[in-house]
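**Student:** below are the sequence and a predicted model for it; my questions follow.
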Amino acid sequence: MARTREEKGLQTLRDTWRGSWFAGGTRRQRRSALEALFTEARALGLTKAAPLVDLPPIPRSPRKAGTQLTDAEVQLLRFHAERGMPVTRHAALLALLLAGLHTAEIAAATTDDLDLTSAEVWTNGATRTRGRCCRLDEWGVRVLRLRRTHLLRGTETGPPPRLVTAASSAYRSQASVCTGFGDIARRSGLATGRRRVEPKDVTRYVARKILHETGQLSEVARCLGLSSLDAAAALAGHRWNPEDQGGEVA
């Protein structure tokens, strides 16, 4: 006798929880598919079963700590980012990272978002971050002023130009930001075949610096646009809850 879809779904569910050899991501995908199946079946009146209700969450592996950049290494990134500026975007990209913007926010940043007199840049936030003003350091103000002047030269009408990327889609724009940072990291010699350096390592550096200067996780969360103190603690490398594995949401 052929098994019904419900029976097949229950068998897959049993296999998923018995088969601990499956990767966590695979198990979570299967759980989502089963949840959608039974939700639709209940809506159609085909079943009253809800087999996922009492099942425990599938544990996630702790996130890797990432590369801890030092002040000297960040200064090295600044030095190599200046090559070719203001025609090249690298210095502006790094300045926005050091101000606390995330890659998706940097991809959307335009010349109109800069208030260089007040040494600030505005971001509308992204999917997981909030809109806010971010402080620029002295180096950031200098390189962004040069970049803005270059981009606005000969421009009288139209929307304000974006500071770092001209890619059309949001996905391509964010990927372009990551590629640009990779250029800086490799050029500086910090990113090698054995050592990975990514934009979030700069964000972690900024988070640690804010926590060291203020002693407040709430200030880390505010400056980075985070809604979770746990996420702020994870970025700053601060384990305020020994049982928490941490989770960087941004």
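**Tutor:** Cool, the structure landed.
**Student:** in the protein, where is pLDDT below threshold?
**Tutor:** Confidence mapping of the chain against pLDDT under 70 gives the ranges 1-23, 60-65, 240-250.
**Student:** again, only using 80
**Tutor:** Low-confidence segments of the chain (pLDDT under 80): 1-28, 52-66, 154-157, 168, 239-250.
**Student:** all helices for it, in order.
**Tutor:** 5-18, 24-43, 71-81, 90-99, 103-108, 138-152, 170-188, 199-214, 217-224, 229-236 (DSSP state H).
**Student:** in a markdown table, list these along with distance to Arg130.
**Tutor:** All C-beta spots, glycine's among them, are computed from the backbone N, C-alpha and C. Shown next, in a markdown table, are the helices of the chain (distance: least, C-beta to C-beta, whole Å):
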| stretch | distance to Arg130 |
| --- | --- |
| helix 5-18 | 36 |
| helix 24-43 | 27 |
| helix 71-81 | 25 |
| helix 90-99 | 15 |
| helix 103-108 | 10 |
| helix 138-152 | 21 |
| helix 170-188 | 17 |
| helix 199-214 | 15 |
| helix 217-224 | 9 |
| helix 229-236 | 12 |
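**Student:** same list, those, but as a markdown table with distance to Thr129 and mean neighbour count please.
**Tutor:** Compiled in a markdown table, the helices of the chain are given as follows (distance: least, C-beta to C-beta, whole Å; neighbours: other C-beta atoms under 10 Å):
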| stretch | distance to Thr129 | mean neighbour count |
| --- | --- | --- |
| helix 5-18 | 33 | 14 |
| helix 24-43 | 23 | 14 |
| helix 71-81 | 21 | 17 |
| helix 90-99 | 13 | 26 |
| helix 103-108 | 7 | 25 |
| helix 138-152 | 19 | 18 |
| helix 170-188 | 13 | 18 |
| helix 199-214 | 11 | 20 |
| helix 217-224 | 7 | 19 |
| helix 229-236 | 10 | 23 |
